[in-house]
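Participant: Structure for this input, please:
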Amino acid sequence: MNIMIIEDQRDVVDMLRLNWSDSRDRLDCLASVRQANRFIHSNELAAYDCILIDINLTDGSGLEVLREARSRSDVPIIMISGAGDADSRADAISVGADDYVMKPFSVKELRARVHRLHEARIGRRALRQSVAFKIGNIDCDIGRLSMDFGGASRPLTALEGRILQVLHDSVGEDCPKSCIARQALFREYDPRDKTIDVYINRLRGKLAELDAASGAAIKTIRGVGYRLSDIQQQG
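Facilitator: Now for the predicted structure:
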């Protein structure tokens, strides 16, 4: 795997390189928003399998780097922060991050998250046929990461697509947050982490933008998780 680290703290980069136990992975580093933007708008972006971005860079915000990268690629992106709370995680997720880790972090755990995100991306691309279904009146195509209705379309991020797929797999039944966390976020559920709630709200918003009635198809099951209702499989 080719992994780009956008981090201005040299000791963090050195720690990652020293403790990254998989010698098959190549770790490259950029240290500023300026360098990152040149990278994102070059042909080099397509050669990388994952990007790690520090939220607080010396010359600007890592969230802006995230926004630019996400507008050009579905490459897995993990945000890194030395100080943050539920709101900062929600901000990163709303812009399009696939995951979020706090310093100090376990390099072993971070490497596992990177590899799981990479494997999920490969799995999506390997699908010969798109997984398509309807949510209310809206056509959802997980393979294309798109939702369509009445000539209008809304894109899905990779994580949004995975969450919809998990809900679809248990359509009409309660889907616990623990299940969504394991199958879509690739980690165990932490009640303090509001990542799933933020993404569900984003999905509801996108559904409602296309068709107000369909925005209510994802139901909250208090104390459990969510349930996807009113769904029809496409033939």
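Participant: going forward, measure contacts and count neighbours with C-alpha atoms only.
Facilitator: OK.
Participant: Run through who's touching the lengthiest helix in the chain.
Facilitator: Using DSSP state H to define each element, the chain has its longest helix at helix 107-126. The contact list for helix 107-126 (Cα atoms under 8 Å, 6 or more residues apart in numbering) reads 16, 19-21, 49-50, 75-76, 78, 101, 143, 158, 186.
Participant: I'd like the next helix or strand past it.
Facilitator: Once helix 107-126 ends, the next helix or strand along the chain (criterion: DSSP states H and E) is strand 132-135.
Participant: Partner strands of the helix or strand that comes right after that following strand, with direction?
Facilitator: The first helix or strand that comes after strand 132-135 along the chain, using DSSP H and E, is strand 138-141. With DSSP bridges as the test, strand 138-141 is paired with strand 132-135 (antiparallel), strand 146-149 (antiparallel).
Participant: Chain neighbours aside, what residue packs nearest to R70?
Facilitator: Spatial nearest neighbour of R70, excluding adjacent residues (Cα to Cα, 6 or more residues apart in numbering): G96 at 6.3 Å.
Participant: That neighbour and S71 touch, don't they?
Facilitator: No: with contact defined as Cα atoms under 8 Å, G96 does not count as touching S71 (9.0 Å).
Participant: ok, R34 to T58 distance?
Facilitator: As judged by Cα to Cα, to the nearest Å, R34 and T58 stand 10 Å apart.
Participant: Could you confirm Y226 falls within a helix?
Facilitator: No: with DSSP: H, G, I helix; E, B strand; the rest coil as the criterion, Y226 is assigned strand and is not in a helix.
Participant: Next one: the most centrally placed residue in the chain from R113, what distance?
Facilitator: Centroid-nearest residue in the chain, with Cα atoms, centre = their mean: D98, separated by 2.4 Å. For D98, the distance to R113 equals 10 Å [Cα to Cα].
Participant: Same check on A132?
Facilitator: In terms of Cα to Cα, A132 sits 27 Å off from R113.
Participant: Tell me which of G96 and S71 has more neighbours.
Facilitator: G96 (25 against 11; other Cα atoms under 10 Å).
Participant: ok, now which ones touch that one?
Facilitator: G96 makes contacts with L66, R67, R70, T157, as judged by Cα under 8 Å, 6+ apart.
Participant: looking at those, which has the most residues close by?
Facilitator: In terms of neighbour count, L66 stands highest of the contacts of G96 at 26 neighbours, by other Cα under 10 Å.
Participant: picking up where we left off before, now the longest helix of the chain: mean pLDDT?
Facilitator: In this model, helix 107-126 carries a mean pLDDT of 84.
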